[in-house]
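Student: here are the coordinates; sequence isn't available:
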Ligand SMILES: NC(=O)c1ccc[n+]([C@@H]2O[C@H](COP(=O)([O-])OP(=O)(O)OC[C@H]3O[C@@H](n4cnc5c(N)ncnc54)[C@H](OP(=O)(O)O)[C@@H]3O)[C@@H](O)[C@H]2O)c1
């Protein structure tokens, strides 16, 4: 695929915003870091370096691909509602985890996900949900025993998924297609559990998931199959 320079707008200037801005810029794309305070965004963009400029939330929402990087508990959905028209038909990267203030649970019920709730607010957006983990400092400390962690992405738009992979192609992590957008219910819960485990074992925030597996066909080397064979079934 020919390299296409994407125009990526991020709303928010916190821990995830700066890291994903940096990653997208290192992947060869142009990034607009948007803030409630344009001057703050410009100062941060200048320090981050080449390919990144500062602006407002409106400037970020005006880009071809948009990513909110605000906590739901801090009022993300209310802040985003006015931009529904601006993102209509655009690819939107969802990284929301619906954590409460003390990160012990979620503020959304089990039968939905932040990704699906974002889709309700921005119905015209082509959402790709990803980067629910890693937690912040794992970005610049990405070497793990046993290989790089996996990043799962979910969404209902196959083309949008391909574009988002290109947006972050400088990443050393392995990306796994997690199926439809509603599977963000899994990835978000996996993040919550990962955080709990990481805290228990003193790893947080340098903790994440990796899927283990080898190419295999069921029954290929089933050591117990003969023993439990049923004679009443063909
Ligand atoms: N931290 C992680 O490890 C991690 C991992 C995966 C996903 N996420 C998700 O990424 C998103 C951002 O997380 P983060 O850790 O980067 O958050 P953060 O460091 O707290 O930054 C959040 C940004 O939200 C903006 N904001 C808008 N309204 C706000 C308000 N009322 N109070 C505070 N900030 C407000 C601020 O940007 P301006 O002041 O520039 O407007 C702020 O920089 C969240 O949805 C989170 O669930 C986080």
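Tutor: Structure received. All figures in this text were calculated on a predicted structure; none of them were measured in a lab. Numbering: from 1, shown residues only.

Student: thought residue 187 was touching residue 151?
Tutor: No: in this structure, residue 187 is not within contact of residue 151 by Cβ atoms under 8 Å, at 9.4 Å. Where C-beta positions appear, they are placed from N, C-alpha and C, glycine not excepted.

Student: Between those two, which contacts overlap?
Tutor: Here residue 187 and residue 151 share the contacting residues residue 133, scored by Cβ atoms under 8 Å, 6 or more residues apart in numbering.

Student: Is the ligand within reach of stretch 154-172?
Tutor: No: using Cβ under 6 Å from any ligand atom, stretch 154-172 stays clear of the ligand, coming no nearer than 13.3 Å.

Student: Tell me the residue of the protein that sits nearest the ligand?
Tutor: residue 14 (1.8 Å; Cβ to the nearest ligand atom).

Student: Buried ones in the longest helix along the chain, by neighbour count?
Tutor: With secondary structure taken from DSSP state H, the chain has its longest helix at helix 184-200. Of all the residues in helix 184-200, those buried under the rule 16 or more other Cβ atoms under 10 Å are 184-185, 187-188, 190-192, 194-195, 198.

Student: what sits against residue 121?
Tutor: Counted by Cβ under 8 Å, 6+ apart, residue 121 has contacts 77, 80-81, 84.

Student: Separate out the buried members of those residues.
Tutor: The neighbour-count test (16+ other Cβ under 10 Å) marks 77, 80 as buried among the contacts of residue 121.

Student: sorry, back to before: let's have the buried residues of helix 184-200 in CSV, adding distance to the ligand and pLDDT.
Tutor: Listed next are the buried residues of helix 184-200 as CSV, based on distance: Cβ to the nearest ligand atom, whole Å; pLDDT from 0 to 100:
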residue, distance to the ligand, pLDDT
184, 12, 98
185, 15, 98
187, 10, 98
188, 9, 98
190, 11, 98
191, 7, 98
192, 11, 98
194, 10, 97
195, 9, 97
198, 11, 97
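
Student: quick check: mean pLDDT across the one helix or strand residue 53 maps to?
Tutor: Using DSSP states H and E, the element containing residue 53 is strand 52-56. The average of the pLDDT scores along strand 52-56 is 98.

Student: cool, stretch 102-121 as well?
Tutor: Mean per-residue pLDDT for stretch 102-121: 97.

Student: That one: end-to-end distance?
Tutor: 25 Å (Cα to Cα, to the nearest Å).

Student: Show me which residues of that stretch are buried.
Tutor: Of the residues in stretch 102-121, those with enough neighbours to count as buried (16+ other Cβ under 10 Å) are 106, 108, 112-119, 121.

Student: between those, which is nearest residue 169?
Tutor: Of all the buried residues of stretch 102-121, residue 115 has the smallest distance to residue 169: 21.9 Å, by Cβ to Cβ.

Student: quick one: contacts for that closest one?
Tutor: Residue 115 makes contact with 94, 96, 127, 129, 154, 181-182, 184, 188 under the criterion Cβ under 8 Å, 6+ apart.
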